[in-house]
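Visitor: I would like to see how this sequence folds:
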Amino acid sequence: MRITATQIAEWAKTKEAQGSLPRLVRRLAHAAGTPTQVAFPAGDSTSLPGWDGELASEHNSPWVPWGTPFWEFSCEAPVTRKANRDYDKRTRQTLNEVHTNSTFVFVSARRWSQKARWLEEKRAAREWVEVRAYDADDLEQWLEQSPPVTLQFAEERGIAGPGVESIAKHWGGWSQQSDPSISAEAFFIDREGAREQFIVDLRRQVEVGQPMPYAIRADSVDEATAFVCAALLAHEDLSAASLVVTEPGGWRFVEQNPTLRVASAARPEIAEKPAYRNGLLVIIPYAAGDMEGHYRGSAGRGGSADLTLERPLIYKFERALVSIGLSKADATRLAATTGRSWSILRRRRSMNPAIRRPAWLGIPQADALSTLCLLGGWSDDKAADREIVPHVSGRTYEEVERAMRYLARALMRKD
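Guide: Next up, the predicted model:
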């Protein structure tokens, strides 16, 4: 995935670019791993008075200066005129003891042929300890060093990735497929501890240098991956170095981009031959009941997950449903009929018929559900239960059990 300076310069002509440029640079700064504090207002907030951006960095990098540099962003043309206007205004309005000890950074999303001459003049004035300027060509180079940021920027421009997705797109694709949409705040109700544990585990694993694959289990594979994405999005330094691999070919993208720190497979089978290298954590999602024979956890526990997502308590699930716009009556009813499962709720409330009626309903083993509905359940340890199942189903007990086990795997994998 490559974004060219020409594409960036064309984007600079659009209405959205002015509000999105600070967001792009903010992501890039986090991906560089240097900021300790960042304030880059984006979107509607770009019209607020004051600097376009401020950050604090303890390290000097090719892109992010040491100390507390002050940033100005622009998509205007001609670039030199805008750069001069911003430079003169900020120098005049900033205390002398501040600007003589700080760095001024001007960023334009356009190509700037006079950039070198402008930099030479401003640096010669010695009004700031350092002056930097970036244009579309510089942003192209910076993006080359930050593949997850490049991927998200490309998706926002309508350019698809090669078997990979940004975590923002993947979370949006899962959470917005129901009516109403599932918010991250609602999704994490009664799961705050699991979210915190996941982030702690992730940071510890990445720091190890050679992390083992990390298994996470939820009611469905999709829900497990959605949890990973939503949790990472709350930490810009991690989200800027993470992505989701949606097809086996996506691992080639991961291998070619060593700055990636976290790669989550969208499904377990995608991770059968993942990329392995120092500093890369591979996350594998599983559905409940679908661990055996697939994975040995980082602690060597065969068939177990590193993190299992429990369903919320019923009153907390009701509160979560109310928070996304459902009435109290609907929330109470759905909390009971879905078993407090986000995967089941999403399927039932989906606007997509393919999700509302999943493929597993069409498999031959699905007829075993009628037996389950009639009996409600049974125990393999009780002889009486084993005797009554054939009378109700017209099939042997072993046939019904095999069908139910197969159906359970298919249901939890596809739900």
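
Visitor: show me where the protein dips below the pLDDT cut-off.
Guide: Along the chain, the model assigns pLDDT under 70 to residues 1, 33-36, 41-50, 160-161, 289-304, 357-362, 373, 376, 408-415.

Visitor: domain map for it?
Guide: Each structural domain of the chain that the record assigns through automatic domain parsing is listed here as a residue range: 5-145, 148-308, 358-415.

Visitor: now, of the ones you listed, which is deepest in the fold?
Guide: Greatest average neighbour count among the domains of the chain goes to domain 148-308 (a mean of 19), per mean count of other CB atoms under 10 Å. C-beta: built from backbone N, CA, C; applies to glycine.

Visitor: span of that domain from start to end?
Guide: The stretch domain 148-308 measures 26 Å between its terminal residues, going by CA to CA, to the nearest Å.

Visitor: show me where the stretch 51-200 of the chain has its strands.
Guide: Chain-ordered strands for the stretch 51-200 of the chain, with DSSP state E, counting those that start in this stretch as the definition, fall at 53-57, 70-74, 103-108, 130-134, 164-165.

Visitor: tabulate these (JSON lines), appending distance to residue 282.
Guide: Written out in JSON lines, the entries for the strands of the stretch 51-200 of the chain read as follows (distance: least, CB to CB, whole Å):
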{"stretch": "strand 53-57", "distance to residue 282": "30"}
{"stretch": "strand 70-74", "distance to residue 282": "35"}
{"stretch": "strand 103-108", "distance to residue 282": "34"}
{"stretch": "strand 130-134", "distance to residue 282": "33"}
{"stretch": "strand 164-165", "distance to residue 282": "13"}
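
Visitor: out of those, nearest to residue 6?
Guide: Across the strands of the stretch 51-200 of the chain, residue 6 has its closest neighbour in strand 103-108 (14.4 Å, CB to CB).

Visitor: touching that closest one from outside, list them.
Guide: Here strand 103-108 makes contact (CB atoms under 8 Å, 6 or more residues apart in numbering) with 12, 21, 25, 53, 65, 67, 69-76, 79, 82-83, 86-87, 90-91, 122, 128-136, 139.

Visitor: return the residues in contact with the spatially most central residue of the chain.
Guide: For the chain, residue 167 is the residue whose C-alpha lies nearest the centre (CA atoms, centre = their mean; 2.4 Å). With contact taken as CB under 8 Å, 6+ apart, residue 167 is in contact with 148, 228, 229, 232, 233, 239, 242, 243, 244, 264.

Visitor: with adjacent residues omitted, what lies nearest to residue 38?
Guide: residue 55 (4.5 Å; CB to CB, 6 or more residues apart in numbering).

Visitor: where exactly do the helices run in the stretch 1-150 of the chain?
Guide: When secondary structure is read from DSSP state H, counting those that start in this stretch, the stretch 1-150 of the chain shows helices at 5-11, 17-31, 79-93, 96-99, 115-125, 136-144, 147-156.

Visitor: let's have those helices in TSV, adding distance to residue 220.
Guide: Formatted as TSV, the helices of the stretch 1-150 of the chain follow (distance: least, CB to CB, whole Å):
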stretch	distance to residue 220
helix 5-11	37
helix 17-31	29
helix 79-93	50
helix 96-99	53
helix 115-125	51
helix 136-144	34
helix 147-156	24
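
Visitor: out of these, which comes closest to residue 271?
Guide: Ranking these by their distance to residue 271 (criterion: CB to CB) puts helix 147-156 first, at 18.0 Å.

Visitor: okay, the angle between the closest one and helix 17-31?
Guide: Interaxial angle, helix 147-156 versus helix 17-31 (axes from the mean of the first three to the mean of the last three CA atoms, to 10 degrees): 160 degrees.

Visitor: so which elements touch helix 147-156?
Guide: The helices and strands touching helix 147-156, judged by 3 or more CB pairs under 8 Å, 6 or more residues apart in numbering; DSSP states H and E, are helix 17-31, helix 136-144, strand 164-165, helix 167-175, strand 242-245.

Visitor: what's the closest of those to residue 349?
Guide: helix 167-175 (11.6 Å).

Visitor: and that closest one with helix 147-156, angle?
Guide: Using the same axes, to 10 degrees, one finds that helix 167-175 and helix 147-156 are set 50 degrees apart in direction.

Visitor: please save the CA atoms from helix 167-175 in CSV.
Guide: In CSV, the C-alpha atoms belonging to helix 167-175 read as follows (Å, rounded to 0.1, in the frame of the first residue of the first chain):
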residue,chain,number,x,y,z
ILE,A,167,-8.9,-1.5,13.0
ALA,A,168,-11.2,1.5,12.7
LYS,A,169,-12.8,0.1,9.5
HIS,A,170,-13.1,-3.3,11.0
TRP,A,171,-14.8,-2.0,14.2
GLY,A,172,-17.1,0.1,12.1
GLY,A,173,-18.0,-2.8,9.9
TRP,A,174,-19.0,-4.9,12.9
SER,A,175,-20.6,-2.3,15.1
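
Visitor: hang on, the earlier thing: the helices and strands packed on helix 147-156: which one's closest to residue 4?
Guide: helix 136-144 (5.9 Å).

Visitor: using PDB, write out the CA atom coordinates for that closest one.
Guide: Presented in PDB, the C-alpha positions along helix 136-144 are these (Å, rounded to 0.1, in the frame of the first residue of the first chain):
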ATOM      1  CA  ALA A 136       3.000  16.500   0.200                       C
ATOM      2  CA  ASP A 137       6.300  14.800  -0.800                       C
ATOM      3  CA  ASP A 138       7.400  14.700   2.900                       C
ATOM      4  CA  LEU A 139       4.000  13.300   3.900                       C
ATOM      5  CA  GLU A 140       4.400  10.600   1.300                       C
ATOM      6  CA  GLN A 141       7.700   9.600   2.900                       C
ATOM      7  CA  TRP A 142       6.300   9.700   6.400                       C
ATOM      8  CA  LEU A 143       3.400   7.500   5.400                       C
ATOM      9  CA  GLU A 144       5.800   5.000   4.000                       C
END
